[in-house]
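Colleague: Quick check, what structure comes out for this input:
(one chain, ligands or ions: 1)
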Amino acid sequence: MQLATADPGASLVGYRDLREWLAAVEAMGELKTVRGVPWDREMGAMVDMAYRAKGSGKCPAILFDDVPGYPAGYRCLYGMMASPRRFAFTVGGIDVKTAHNNIEYLKQYRARMKDIQYIPPVFVDRSPIFENVMEGDDIDLFKLPVPIHHELDGGRYIGTACGVITRDPDTGGLNCGTYRIQVHDAKTCTCYISPGKHGRLHRDQYFERGQHCPAVAVVGIDPILFLAARYQVPPGLSELDWVGGMRGEPLGVVRSKYTDLPIPANSEIVLEGEFRADERRLEGPFGEWPGYYAGGKMEEPVFRIKRVLFRHQPILTCAASMKPPHAHLYERAFTRSAALWEGLEKASVPNLAGVWVHEAGAGRTFNVVSIKQRYYGHSRQAGLLASQMVPVAYGNRWTIVVDDDIDPSRLEEVIWAMGTRCDPKQDLEIMSKCWSSKIDPMVFDQHYYNSRVVVDACIPYEHRNDFSRVAETSPELREKMLTKYRRDFHDLLGEELV
Ligand SMILES: Cc1cc2nc3c(=O)[nH]c(=O)nc-3n(C[C@H](O)[C@H](O)[C@H](O)COP(=O)(O)O)c2cc1C
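Modeller: Numbering: from 1, shown residues only. From the prediction side, this is the model:
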């Protein structure tokens, strides 16, 4: 069968679809296949326990096969990009081995992203996605091993590591966003899209005209499209064009029969249908990114499925958010750090030394910006802007600004700066009525605001030249020690100091 893209050698990423990606990740030693685990809470629990034990960035991708009650080969995959090597392989063009810390690695990634020329998708004649088709009365979503991901979820969620494609009815622009999809019966789903997200804006535009909103949900997805779908790509740009840019060649698509939307030809499982303007179901609860089942059960528009397409031995891609750390947090923290850095740079904040959107803050609520202070008010400018900027404007609570001698990705350094360079009486700026949603556990009514704080943990600018000296080995003495005692350090620490 012809795949969506040409020879992977010609592409800027080294795989054409999820299967080639899996083979490469297995060869790296970063894939674990586990057999015989039921879909009913046990896959989710195993992933949670493994990632919690190992910590963010350190666990293999987990592929469940031989799911009881399902044919062999009907698989569920968790943790696609949750390690530096898997993430680097997914985006292509960067080398983690030459990066000594998160910020150096982030710089490589930002350099890779700078040169992207966005490329729109092209229609191709054939795709393996048509190997299996369920249509009309034949549609039965439970033929796929859809998990209950968390113990207290309100049902089985087919869409977690997914991309929901919709079209702006006014401009024709395409969006692909990751929004959770619950299965209610064989043909009926709901999809929760929080206010302000592009898919929600599209859907509301159709509903305001009294029309149903056509949608294609890719629930067995090429990892790089999943990355795009959860990313806030530049305004007006389609995630499909972004993927083309990352690949250096267009994404191959086929036409959806029931919507006017493109279907990525290298997908594993696709649902075609429409969000109904006139039908709602109770959706949720679902374990969410802040780490709670907040939001409970609420009515959401029905996603009526008209056709299901899937490859032989399909792979359902899964990403169940929960209390950190979890199986898609590493790449979330990483890409959001890059996007926030980019945003601050574009907003003309000078002398940025690093940005880190922390895993412990669930990749949204605790964010650190490091700067080389140049003028009075520079640190407040950086903090206030960062607190309101995509991708952390929604749901953020803590923005910390530190000097450039602090690695913003190392919590112990950040907390040390907060404890020694910040006077809470003068250095906190609190804002109210900021952007949040029903899944924020601190939102107790239906007014979806939060408050947030900027903590200025930089040395006061007026004391930059007379602040107490830091009690640590100087770079000069460090260099001398390394030269003189390299073997002792190696024996002592079991690794090279850099
Ligand atoms: C695993 C995962 C699940 C997500 N689930 C939802 C969801 O259910 N609803 C939602 O509005 N956003 C969800 N998001 C966040 C959006 O995907 C993200 O904000 C994305 O940028 C939205 O795309 P858009 O900017 O095109 O709207 C999820 C993200 C991830 C990584």
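
Colleague: hang on, Leu106 packs against Ala338?
Modeller: Yes: using Cβ atoms under 8 Å, Leu106 makes contact with Ala338 at a distance of 5.8 Å. Every C-beta, even on glycine, is put in place using the N, C-alpha and C of the backbone.

Colleague: Overlap in contacts, these two.
Modeller: Val355 (Cβ atoms under 8 Å, 6 or more residues apart in numbering).

Colleague: residues from the protein in reach of the ligand?
Modeller: 160-161, 175, 177-180, 192-194, 197-199, 230-232, 319, 321, 328 (Cβ under 6 Å from any ligand atom).

Colleague: Mark which of the residues you listed are part of strands, please.
Modeller: Counting by DSSP state E, the residues of the chain next to the ligand place 175, 177 in strands.

Colleague: Which helix or strand contains Phe226?
Modeller: Here Phe226 sits within helix 223-229, counting by DSSP states H and E.

Colleague: which residues are in contact with that helix?
Modeller: 13, 18, 21, 80-81, 90-91, 161-164, 176-178, 218, 221, 239-240, 242-243, 246-247, 251, 264, 317, 319, 331, 335.

Colleague: Could you tell me whether Asn367 really is in a strand?
Modeller: Yes: Asn367 forms part of a strand when assessed by DSSP: H, G, I helix; E, B strand; the rest coil.

Colleague: hey, what's it bridged with?
Modeller: Val357, Thr399 (DSSP bridges).

Colleague: got it, and Val216?
Modeller: Ile165, Glu272.

Colleague: Wait, Pro290 touches Gly361, no?
Modeller: No: Pro290 lies out of contact with Gly361 (Cβ under 8 Å); the separation is 9.4 Å.

Colleague: Pick out whichever of those two has more residues nearby.
Modeller: Pro290 (25 against 21; other Cβ atoms under 10 Å).

Colleague: Pull the contacting residues for that one.
Modeller: Applying Cβ under 8 Å, 6+ apart, the residues near Pro290 are 362, 364-365, 395, 439-441.

Colleague: The same query, at a cut-off of 10 Å, please.
Modeller: Shown in contact with Pro290 (Cβ atoms under 10 Å, 6 or more residues apart in numbering): 321-324, 361-365, 395, 397, 436-437, 439-442.

Colleague: Which pLDDT value belongs to it?
Modeller: Pro290 is assigned a predicted lDDT (pLDDT) of 91.

Colleague: Pick out the residue of the stretch 301-450 of the chain closest to the ligand.
Modeller: When scored by Cβ to the nearest ligand atom, the stretch 301-450 of the chain has Ala319 as its residue closest to the ligand, at 3.6 Å.

Colleague: Am I right that Arg281 falls within a strand?
Modeller: Yes: when three-state DSSP is applied, Arg281 is found to be in a strand.

Colleague: from what I can see it touches Ile181, true?
Modeller: No: here Arg281 does not reach Ile181: they are 11.9 Å apart, not a contact under Cβ atoms under 10 Å.

Colleague: of these two, who's got more company?
Modeller: Regarding Arg281 and Ile181, a neighbour count based on other Cβ under 10 Å identifies Ile181 as having more, with 25 against 17.

Colleague: in the sheet, who's paired with that one?
Modeller: Gly159, Cys191.

Colleague: Can you give me every residue that contacts it?
Modeller: Per Cβ under 10 Å, 6+ apart, neighbours of Ile181: 141, 146, 156-160, 162, 164, 189-192, 215, 217, 219, 271, 283, 303, 305.

Colleague: Could you do Tyr461 as well?
Modeller: 373-380.

Colleague: How are the strands of the stretch 251-400 of the chain distributed by residue range?
Modeller: For the stretch 251-400 of the chain, the strands defined by DSSP state E, counting those that start in this stretch cover 252-255, 262-264, 269-283, 298-310, 315-318, 352-357, 366-371, 398-403.

Colleague: Now the third one: average pLDDT?
Modeller: Read it as strand 269-283. So the average pLDDT for strand 269-283 ends up being 98.

Colleague: cool, stretch 304-317 as well?
Modeller: 98.

Colleague: Just checking the distance from that stretch to the centre of its chain.
Modeller: 22 Å (Cα atoms, centre = their mean, to the nearest Å).

Colleague: same check, this time on stretch 216-236
Modeller: On Cα atoms, centre = their mean, the centre of stretch 216-236 falls 9 Å from that of its chain.

Colleague: Name the nearest residue to the spatially most central residue of the chain, sequence neighbours excluded.
Modeller: In the chain, the centroid-proximal residue (Cα atoms, centre = their mean) is Arg332; its distance is 3.9 Å. Ranked by Cβ to Cβ, 6 or more residues apart in numbering and with sequence neighbours excluded, the top spatial neighbour of Arg332 is Gly363, at 3.9 Å.

Colleague: Is that neighbour in contact with Phe334, as I believe?
Modeller: Yes: using Cβ under 10 Å, Gly363 is in contact with Phe334, at 9.0 Å.

Colleague: Give the residues shared as contacts by those two.
Modeller: 56, 357.

Colleague: Next one: the residue nearest to His198 when sequence neighbours are not counted, what pLDDT does it get?
Modeller: The shortest distance from His198 to any residue other than its chain neighbours is 4.2 Å, reached at Asn175 (Cβ to Cβ, 6+ apart). As predicted, Asn175 sits at a pLDDT of 98.

Colleague: what's the neighbour count on the closest residue to Ser238 other than its chain neighbours?
Modeller: Spatially, and ignoring its direct neighbours in sequence, Ser238 is nearest to Leu174 (4.2 Å; Cβ to Cβ, 6+ apart). Counted with other Cβ under 10 Å, the neighbours of Leu174 add up to 22.

Colleague: what sits against Leu174?
Modeller: 120-121, 165-168, 198, 202, 216, 237-241, 253, 261-262.

Colleague: List buried residues within those.
Modeller: 121, 165-168, 198, 202, 216, 238-241, 253, 261-262 (16 or more other Cβ atoms under 10 Å).

Colleague: From the residues you listed, pick the one nearest the ligand.
Modeller: His198 (3.5 Å).

Colleague: residue contacts, the closest one?
Modeller: 164, 166, 168, 173-177, 179, 232-233, 235, 238-239.

Colleague: do Ile139 as well
Modeller: Counting by Cβ under 10 Å, 6+ apart, Ile139 has contacts 133, 186-188, 271, 273, 304-308.
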